[in-house]
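> Next input, structure requested:
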Amino acid sequence: MNVINTEKAPGAIGPYSQAFEVNGFIYASGQIPVNPADGTVPEGIAAQAEQSCKNVGAILEAAGSGYDKVFKTTCFLADMGDFAAFNEVYAKYFISKPARSCVAVKALPKGVLCEIEAIAVK
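Next up, the predicted model:
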C-alpha cells in the first residue's frame with residue numbers, strides 16, 4: 001500500500017489520507033471544494049463542484065492516474081436540488097461516465113455543498 005499525498009489538493013482535515021494506491025487501484029478520499037492554495041471555499045454549487053473535481057484530479061495525477069481511469073465515484077450533495085447543476089460540472093471532468101452513486105446528506109464538513117470520492121486504476 002502506498003499513501004498518495006499532494007499539495008495540489010487540500011490536506012486531510014482528520015485522521016485519514018488523501019488517497020491510497022493498493023494493487024494498482026487508487027482509492028481517493030472524498031474531496032470537498034477547498035482551494036488548496038488559500039483554504040477558501042467558493043460560493044455556489046457550480047463553483048464548488050468545479051473545485052471538488054479539480055481536487056480529485058490533483059490526487060489522481062499525483063497517483064499517476066487521471067479522470068479517464070476512474071471507474072467509480074461517490075458524490076455527496078447537501079441539497080438534492082443541486083443535482084442538475086452539479087451534474088453539469090461533473091460531466092466536464094468525468095467524461096468516461098464512471099459508475100456512480102450520488103446521495104443527499106444532512107451536512108458536509110465546513111458547510112460545503114458537495115464532496116466527491118473516486119476509485120481509479122493507475
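> Would you mind pulling up the elements that the lengthiest helix in the chain packs against?
In the chain, taking DSSP state H as the definition, the longest helix is helix 45-62. If contacts are counted by 3 or more C-beta pairs under 8 Å, 6 or more residues apart in numbering; DSSP states H and E, helix 45-62 sits against strand 25-31, helix 83-93, strand 114-121. Using the backbone N, CA and C atoms, a C-beta is placed for each residue, glycine as well.
> swap the cut-off to 10 Å and go again
Using 3 or more C-beta pairs under 10 Å, 6 or more residues apart in numbering; DSSP states H and E, the elements in contact with helix 45-62 are strand 2-4, strand 19-22, strand 25-31, strand 70-77, helix 83-93, strand 114-121.
> could I get that helix in PDB with only the CA atoms?
The C-alpha trace of helix 45-62 is given here as PDB (Å, rounded to 0.1, in the frame of the first residue of the first chain):
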ATOM      1  CA  ILE A  45     -22.800  24.600  -6.200                       C
ATOM      2  CA  ALA A  46     -21.300  25.100  -9.700                       C
ATOM      3  CA  ALA A  47     -18.100  26.700  -8.400                       C
ATOM      4  CA  GLN A  48     -17.900  24.200  -5.500                       C
ATOM      5  CA  ALA A  49     -18.400  21.200  -7.900                       C
ATOM      6  CA  GLU A  50     -15.600  22.600 -10.100                       C
ATOM      7  CA  GLN A  51     -13.200  22.900  -7.100                       C
ATOM      8  CA  SER A  52     -14.100  19.400  -5.800                       C
ATOM      9  CA  CYS A  53     -13.400  17.900  -9.300                       C
ATOM     10  CA  LYS A  54     -10.100  19.700  -9.600                       C
ATOM     11  CA  ASN A  55      -9.100  18.400  -6.100                       C
ATOM     12  CA  VAL A  56      -9.900  14.800  -7.200                       C
ATOM     13  CA  GLY A  57      -7.900  15.400 -10.400                       C
ATOM     14  CA  ALA A  58      -4.900  16.600  -8.500                       C
ATOM     15  CA  ILE A  59      -4.900  13.500  -6.400                       C
ATOM     16  CA  LEU A  60      -5.300  11.200  -9.400                       C
ATOM     17  CA  GLU A  61      -2.400  13.000 -11.100                       C
ATOM     18  CA  ALA A  62      -0.200  12.600  -8.000                       C
END
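> Alright, I will stop here.
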